[in-house]
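J.: Provide a 3D model corresponding to the input given below.
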Amino acid sequence: MPKHGKKFENVIKNIDLDKTYSPREALQLVKENSFAKFDETVEIHLRTGLDPRQADQQIRDVVVLPNGLGKTIRVLVFAQGEAAAAAREAGADFVAETDEEINRVAQGYTDFDVAVGTMDMMGKVGRLGRVLGPRNLMPNPKAGTVVQPGDIALAIKNAKAGRVEFRLDKTANIHVPLGKVSFSVDALEENMTALMTAVRKARPSGAKGMFVRKVTLSATMGPGIKVDTNAAMALESGKI
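T.: From the prediction side, this is the model:
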């Protein structure tokens, strides 16, 4: 068993590690037991019954969290012409329109959180896979980050408002940030509800038996708190 610090051990005393809590109770516990000196991120971890090796059991989708993530999202846009002008007007932090600007990214510029590209630029953007791929920054149609030129402003708005990608990892888990411990319980619950609604809708065709088997909430530095899986899966946008 790994050793934890004194603050962590003190927090553990406030949580029944054998109990499964309602989503709201768990979020309250995460907030009450945050002990780091910074504004920790509240994270949700979903253990699924999927087989990541099967093509019909993959999950990759996006959700816009109604209360955002509590941080400023820097957006880079690959676009040209009118779409590039629209991207600048919509608040893009960096627009790569010319070959020189695209080459800057090729040379390692990754001072951004989300990359969005128009479809007519993806031939050039595809060559940046070596730089963007390992950092999970490559624009992707499934993630809503490859769009028609006329949709670029909306894509930037969604990215900055709290658009979050969720996907199945190699161990059949899904890990997603829900906001900050400084958020109210209501705001965190609204974000969690939006996510669980999206996850439920994204259930792949090849899923068998229990889709989501375990739900855990935690702060960045805190212990995992078990959440009642049925209650979490029952969360539905517009009904809290």
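
J.: so how far is residue 131 from the closest residue to residue 22 other than its chain neighbours?
T.: Once flanking residues are discounted, residue 22 sits nearest to residue 231: 5.4 Å by CB to CB, 6 or more residues apart in numbering. Every residue, glycine included, has its C-beta placed from N, CA and C. For residue 231, the distance to residue 131 equals 42 Å [CB to CB, to the nearest Å].

J.: please apply the same query to residue 47.
T.: To residue 131, residue 47 is 32 Å away according to CB to CB.

J.: again, but for residue 30
T.: On the measure of CB to CB, residue 30 and residue 131 end up 35 Å apart.

J.: and if you look at residue 70?
T.: Taking CB to CB, one finds residue 70 at 28 Å from residue 131.

J.: one step back: residue 30 and residue 131 - which one has more neighbours?
T.: Neighbour count, other CB atoms under 10 Å: between residue 30 and residue 131, residue 30 has more, with 26 against 16.

J.: what helix or strand is the more buried one on?
T.: helix 23-32 (DSSP states H and E).

J.: sorry, back to before: show me what the helix or strand containing the residue nearest to residue 22 is in contact with.
T.: Per DSSP H and E: residue 231 is located in helix 229-234. Helix 229-234 has contacts (CB atoms under 8 Å, 6 or more residues apart in numbering) with 20, 22, 23, 192, 196, 200, 211, 212, 213, 214, 215.

J.: hmm, residue 104 and residue 111 touching each other?
T.: No. In this structure, residue 111 is not within contact of residue 104 by CB atoms under 8 Å, at 10.2 Å.

J.: what residue is smack in the middle of the protein?
T.: Closest residue to the average C-alpha location of the chain: residue 164 at 3.4 Å, with CA atoms, centre = their mean.

J.: what packs against the strand or helix carrying that one?
T.: Residue 164 is part of strand 163-167 when elements are defined by DSSP H and E. Under the contact criterion of 3 or more CB pairs under 8 Å, 6 or more residues apart in numbering; DSSP states H and E, strand 163-167 touches strand 60-64, strand 173-180, helix 185-201.

J.: break this structure down into its structural domains.
T.: 6-69+163-234, 75-161 (automatic domain parsing).

J.: can you tell me the distance between the two ends of the longest one?
T.: Just to be clear, that refers to domain 6-69+163-234. Across domain 6-69+163-234, the terminal residues are separated by 36 Å (CA to CA, to the nearest Å).

J.: next: the last one.
T.: Between the opening and closing residues of domain 75-161 we find a distance of 11 Å, counting by CA to CA.

J.: how about the strands of the chain, start to end?
T.: 41-48, 60-64, 75-78, 94-96, 114-118, 146-147, 163-167, 173-180, 212-219, 225-227 (DSSP state E).
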